[in-house]
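Trainee: What follows is a predicted structure for the sequence shown.
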Amino acid sequence: MPKKRSPLQLQNLQSDYAQLRGMDVKSDGNAARWRGLQFERLLDALFANEELDPRSSYNKRGEQIDGSFVFKGSVFLLEAKWHSEPQAASALYQFKGKVDGKLTGTIGVFISMSDFSPDTVDALIAGKSINIILFGQEDIDEVFLHNGNFSNILRKKIRYAAEEGSPYLPISRFIVSNEHSISVAVPRQEPEELIVICEGHQDEQVIESFATRILENVNKRKRVSIFVSQGKMALAKLANSYGRSLRRNQRILIVTDGDGDPTGTIEMLRRLVDVDNWTAIIPNPSIEAWLATPGKIKTAADALRVKQQRDHGGIAQQIDLDELRAGDAAFSAFYDLLAGRKRGRNSGPAR
């Protein structure tokens, strides 16, 4: 079992990590390289603290390995990146090639503090063997800032990869709650929880912002937990994983782009999702349609112009909810679901 970290050790690790997280290195290449080096050293200290027998970065015959550690008797290779842009599938393929060339059964752990490009997970699971596990920024935040345990998170991710065939299981989540907004005459019960699964972090921002505003408008206790699949094909895998352990007060909502073919998207989900109590809302052509005047986003190029804007959550705060409900059927269905006007189980797309 991993050694329990003492309060002093944990405090030191948290302080060092918080310092790195607070750095602004956008225009300073030397500072960015220093941060990346310090991050590798911090991970090495974390692994040592959890008795994972870490080995620092090394270079063998021109092949750079950021490090390795031992978990449950198996050796894991490490790749740790802290760049300004999300990691593309090509970077993961390169690392996977390093892992493929090692002892059969070797697994790689790829940590990206800038997370991963859209559809990266889909690219990895498309007919390929899975031998790398992905950690994003929220996972590492969970370890260093929220008293998490790397070994426990890795164990959950490995099991998910084995059972569902996907290298990425999001551990952290946004939680929107309106638990206190309810009449005192109503008996207090466990609040309803909506587990929302979406494709990417920009979608997560939009959903979190709109969900917060909608719950402020309704007198109903509800929790909304938002998970990112990092790919369209991975949506069903994540829904299946969480759906098998749903409590009576929970249900799953998949929010995914229609990409010009919402009917094909819902048919794909119906083929792949094999649990009950789920529904799908499919903005078309994409969720960016919710961030503009209703009816103005009609093509992929229109959606791309909005997608390239950074602060999607901030944009969502400025949208007139009533106008959007009137002009967009998918958003109207999303609003009704948050407000407690439930759609049918395993329902088709609202678009």
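Mentor: In hand now; what should we look at?

Trainee: ok, now how distant is the most centrally placed residue in the chain from residue 35?
Mentor: In the chain, the residue lying closest to the centroid (C-alpha atoms, centre = their mean) is residue 228, at 3.0 Å. For residue 228, the distance to residue 35 equals 24 Å [C-beta to C-beta, to the nearest Å]. Where C-beta positions appear, they are placed from N, C-alpha and C, glycine not excepted.

Trainee: number of nearby residues for the closest residue to residue 55 other than its chain neighbours?
Mentor: Closest residue to residue 55 apart from its sequence neighbours, by C-beta to C-beta, 6 or more residues apart in numbering: residue 68 at 4.7 Å. Per other C-beta atoms under 10 Å, the neighbour tally for residue 68 reads 21.

Trainee: Tell me the secondary structure at residue 68.
Mentor: strand (DSSP: H, G, I helix; E, B strand; the rest coil).

Trainee: Now do it, the pLDDT please.
Mentor: On the pLDDT scale, residue 68 is placed at 95.

Trainee: what sits opposite it in the beta ladder?
Mentor: Judged by DSSP bridges, the bridge partners of residue 68 are residue 55, residue 77.

Trainee: Quick one: low-confidence residue ranges for the chain.
Mentor: 1-8, 10, 127, 179-190, 219-220, 293-313, 342-351 (pLDDT under 70).

Trainee: So in it, which helix runs the longest?
Mentor: Scanning the chain for the longest helix, with DSSP state H as the assignment, gives helix 29-49.

Trainee: who's in contact with that helix?
Mentor: With C-beta atoms under 8 Å, 6 or more residues apart in numbering as the test, helix 29-49 has contacts from 3, 5, 9, 13, 16-17, 20, 23, 25, 53-54, 56-57, 66-67, 69, 78, 80-84, 111, 113, 143-144, 150.

Trainee: what does the helix or strand that it is followed by contact?
Mentor: On the C-terminal side of helix 29-49, the nearest following helix or strand under DSSP states H and E is strand 58-60. Applying C-beta under 8 Å, 6+ apart, the contact partners of strand 58-60 are 64-65, 67.

Trainee: my guess is residue 53 contacts residue 67, does it?
Mentor: No - using C-beta atoms under 8 Å, residue 53 is not in contact with residue 67; the gap is 11.0 Å.

Trainee: more neighbours, those two?
Mentor: residue 67 (20 against 12).

Trainee: before we move on, the earlier item: show me what contacts the residue nearest to residue 55?
Mentor: For residue 68, the contacting residues are 54-55, 75-78, by C-beta under 8 Å, 6+ apart.

Trainee: Quick one: residues contacting the residue nearest to the centre of the chain.
Mentor: Taking C-beta under 8 Å, 6+ apart, one finds 170, 197-201, 203-204 in contact with residue 228.

Trainee: Go through the residues you listed and single out the one with the most neighbours.
Mentor: That'd be residue 197 among the contacts of residue 228, by other C-beta under 10 Å, with 29 neighbours.

Trainee: Look up phi and psi at residue 289.
Mentor: The phi and psi values for residue 289, taken as degrees, to the nearest 10, are phi -60, psi -20.

Trainee: Pretty sure it sits against residue 324.
Mentor: No - counting by C-beta under 8 Å, residue 289 does not reach residue 324; the two are 9.3 Å apart.

Trainee: Give me the more crowded residue out of the two.
Mentor: residue 289 (25 against 22).

Trainee: Relative to residue 20, how far out is that one?
Mentor: Counting by C-beta to C-beta, the gap from residue 289 to residue 20 is 37 Å.

Trainee: Which parts of the stretch 1-150 of the chain are helices?
Mentor: Along the stretch 1-150 of the chain, counting by DSSP state H, counting those that start in this stretch, helices occupy 7-21, 29-49, 89-100, 120-125, 137-145, 150-164.

Trainee: Counting neighbours, which bits of the first one end up buried?
Mentor: When burial is assessed from 16 or more other C-beta atoms under 10 Å, helix 7-21 yields the following buried residues: 13, 16-17, 20-21.

Trainee: Now tell me what touches it from outside.
Mentor: 5, 35, 38-39, 42, 45-46, 49, 82, 140-141, 144-145, 147.

Trainee: Might you calculate how far that helix sits from the centre of the chain?
Mentor: Between the centre of helix 7-21 and the centre of its chain there are 24 Å (C-alpha atoms, centre = their mean, to the nearest Å).

Trainee: Also stretch 327-347?
Mentor: 23 Å.

Trainee: And stretch 66-85, by the same measure?
Mentor: For stretch 66-85, the distance to the chain centre is 19 Å (C-alpha atoms, centre = their mean).

Trainee: for stretch 282-292, same thing?
Mentor: Using C-alpha atoms, centre = their mean, the offset of stretch 282-292 from its chain centre is 19 Å.

Trainee: Please save the CA atoms from that stretch in PDB.
Mentor: Taking Å, rounded to 0.1, in the frame of the first residue of the first chain, the C-alpha atoms of stretch 282-292 are listed here in PDB:
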ATOM      1  CA  ILE A 282     -27.500  17.200 -29.500                       C
ATOM      2  CA  PRO A 283     -26.800  20.900 -30.400                       C
ATOM      3  CA  ASN A 284     -26.400  21.100 -34.200                       C
ATOM      4  CA  PRO A 285     -23.900  21.800 -35.700                       C
ATOM      5  CA  SER A 286     -22.300  22.200 -32.300                       C
ATOM      6  CA  ILE A 287     -22.700  23.600 -28.800                       C
ATOM      7  CA  GLU A 288     -21.200  26.800 -30.000                       C
ATOM      8  CA  ALA A 289     -24.700  27.500 -31.500                       C
ATOM      9  CA  TRP A 290     -25.700  28.300 -27.900                       C
ATOM     10  CA  LEU A 291     -23.200  31.100 -27.700                       C
ATOM     11  CA  ALA A 292     -24.500  33.300 -30.500                       C
END
